[in-house]
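Undergrad: here are the coordinates; sequence isn't available:
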């Protein structure tokens, strides 16, 4: 491993998987992710007694080549694509309900969906890269609905349907 790179370490309220899937990144990215992951985990009700597992996967192109990007594939042992499917199902159920029930269903979906909660925490708390002429480097299945750049291309959205990509 390059001496200037390190993996994203486990925290008080979350734990991460080990290398090689938890690929080494620049210290600035690792620190930023650790801060955001701790906030996410605490906000979702996790702590030292029960830490939530956040599973990283390896990236091979672009910012990954120099340790400036990381990819998260699972939260609490559930793939991001499954969290997204759950999200869409709950939104569909809510769309058929009266306004008050719809609001309650959406509120409950927001509390229970750890994938969505992680994405929103990363969006709210993170200071991610924005190379000249490119969008903010936070992509995932929620990008078109919730993301900082909703006009994401179909190709880019398909490439990030099963994980959250973060770069700094």
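TA: Here it is on my side, so go on. All figures in this text were calculated on a predicted structure; none of them were measured in a lab.
Undergrad: Not counting its neighbours along the chain, what's nearest residue 109?
TA: residue 90 (3.8 Å; C-beta to C-beta, 6 or more residues apart in numbering). From N, CA and C alone the C-beta is placed, and that goes for glycine too.
Undergrad: Any stretches of this protein with poor pLDDT?
TA: The chain contains residues with pLDDT under 70 at 1-3, 60-66, 134-135, 148-150.
Undergrad: For it, just list every one of the strands.
TA: 14-16, 52-57, 69-75, 78-79, 138-139, 164-167 (DSSP state E).
Undergrad: any idea how far the last one is from the chain center?
TA: On the basis of C-alpha atoms, centre = their mean, to the nearest Å, strand 164-167 sits 7 Å off its chain's mean C-alpha point.
Undergrad: helices and strands around it, which ones?
TA: helix 27-43, strand 69-75, helix 114-125, strand 138-139 (3 or more C-beta pairs under 8 Å, 6 or more residues apart in numbering; DSSP states H and E).
Undergrad: want to throw these into JSON lines with distance to residue 17 and mean neighbour count?
TA: Below are these laid out as JSON lines (distance: least, C-beta to C-beta, whole Å; neighbours: other C-beta atoms under 10 Å):
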{"stretch": "helix 27-43", "distance to residue 17": "12", "mean neighbour count": "19"}
{"stretch": "strand 69-75", "distance to residue 17": "9", "mean neighbour count": "23"}
{"stretch": "helix 114-125", "distance to residue 17": "15", "mean neighbour count": "20"}
{"stretch": "strand 138-139", "distance to residue 17": "20", "mean neighbour count": "24"}
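Undergrad: measure the residue of the chain most remote from its centre to residue 47 for me?
TA: Relative to the centre of the chain, and counting by C-alpha atoms, centre = their mean, the farthest-placed residue is residue 98 at 31.0 Å. As judged by C-beta to C-beta, to the nearest Å, residue 98 and residue 47 stand 37 Å apart.
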